[in-house]
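Chemist: below is the sequence, then the predicted model.
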Amino acid sequence: MIRTRFRKGPVTRPIALVILFVILIALCFSSIAIGTRNVSWQEILGALQGQMNTMGEAAVTMRLPRTVLAVVAGSALGLSGALMQSVTRNPLADPGILGVNIGAAFFVVIGLAWFGINQLQSYVWLAILGAGITAIFVYFISSLGLGRPTPLKFALAGAATSAALSSFTVAVVLPRNDIAGGANSWQMGGVGGATFDSIQLVLPFLLIGFLMSAVVAKKLNSLALGDDVAAGLGENVAWTRGIAWLSAVLLCGATTAICGPIGFVGLVIPHLCRLLVGVDNRWLLVFSALGGACLLLIADITGRIISRPSELSVGVVTAFIGAPFFIWIVRRQRVKEL
């Protein structure tokens, strides 16, 4: 019976994976080609070969790191959301809804405003620390009172924590006119201005998070059957939950450090992927990573198109997509456990 619960089209899953990968490649090319200045395929190929003889080739060269960051950040956010939902068995778990993104951003702003920290590598450590402390705090708050933590308690605790930390962040930034503009722009969440050097600084943290998630993917299937059943199957429940939670915090914190807080990717994508491939985490985590990359690319491309010649931040676009989806989940599932 354990196997049948996680079986969902063993033939269709590889096909769906190939299709999703093809969509991701197509979106990458679209991200490179679409912008304030549209470019031709010849200019794209020339830029990929290192040429910068035309304005189009120069534009492609600037969009390449932005596209790579959207793929990496989207994968991390989608995966972190899937991990949080699997660990807590909470359909509303998401780095944004639980306040983890805001906690990471708050610590970065504190370091920037009070301690004069201006190195991205330091931001990463601060963001991971802030994400971890906020995650623990939200779990502690939702555990208060009678009964075990429920999805509704998690959502309410996360919403309250997000509101409080957002207010504290504004209070820290408001008196500092020298950093207010940059800090407020960063808090909108986006992938503009990305460079390969900045991506390389956060890549080790993201790779560790990806590897840790791969280690616990199969074990999370046992946790979905209940802690007692998982322990009876020989799983170390506390270790599995801790590794998965740490992986989610690393992915979320490192992404927030370089992109700012981007919400709803970790909420929308895991739910869509469950409809496609079922609840087997060995497949779900892979599809969530690829789906998150696709969603963030779509959001970035959409933000460039609808506000030309300017552009709309990725975080704003994902909020427009995710907020109605959040309401739909609450109404459809009535915030029951996964």
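Modeler: That came through, no problem.
Chemist: helix or strand for the residue most central in space within the chain, which one?
Modeler: Central residue of the chain (Cα atoms, centre = their mean): residue 77, 1.4 Å from the mean position. If you go by DSSP states H and E, residue 77 is part of helix 55-88.
Chemist: what about residue 29, how many residues nearby?
Modeler: For residue 29, the neighbour count with other Cβ atoms under 10 Å is 12. All C-beta spots, glycine's among them, are computed from the backbone N, C-alpha and C.
Chemist: now the one 5 residues further on
Modeler: As a burial measure, the neighbour count of residue 34 was computed by other Cβ under 10 Å and equals 17.
Chemist: show me the contacts for it.
Modeler: Residues in contact with residue 34 (Cβ atoms under 8 Å, 6 or more residues apart in numbering) are 301, 304, 305.
Chemist: right, and the helix or strand after the helix holding residue 77?
Modeler: helix 100-114.
Chemist: redo the contacts of residue 34 as TSV? Include distance to residue 236.
Modeler: Below are those laid out as TSV (distance: Cβ to Cβ, whole Å):
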residue	distance to residue 236
301	43
304	47
305	49
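Chemist: residues near residue 216, how many?
Modeler: 25.
Chemist: looks like it contacts residue 243 (just checking).
Modeler: Yes: contact criterion Cβ atoms under 8 Å: residue 216 and residue 243 qualify, at 5.0 Å.
Chemist: could I get the full set of helices for the chain?
Modeler: With DSSP state H as the criterion, the chain has helices at 2-5, 12-33, 41-48, 55-88, 100-114, 120-143, 151-173, 177-187, 196-223, 227-232, 237-259, 265-277, 281-306, 314-333.
Chemist: can you tell me how far residue 114 sits from residue 258?
Modeler: Taking Cβ to Cβ, to the nearest Å as the measure, residue 114 falls 21 Å from residue 258.
Chemist: now swap in residue 16 and tell me
Modeler: 30 Å.
Chemist: quick one: low-confidence parts of the stretch 101-250 of the chain?
Modeler: Within the stretch 101-250 of the chain, the segments meeting pLDDT under 70 span 146-148.
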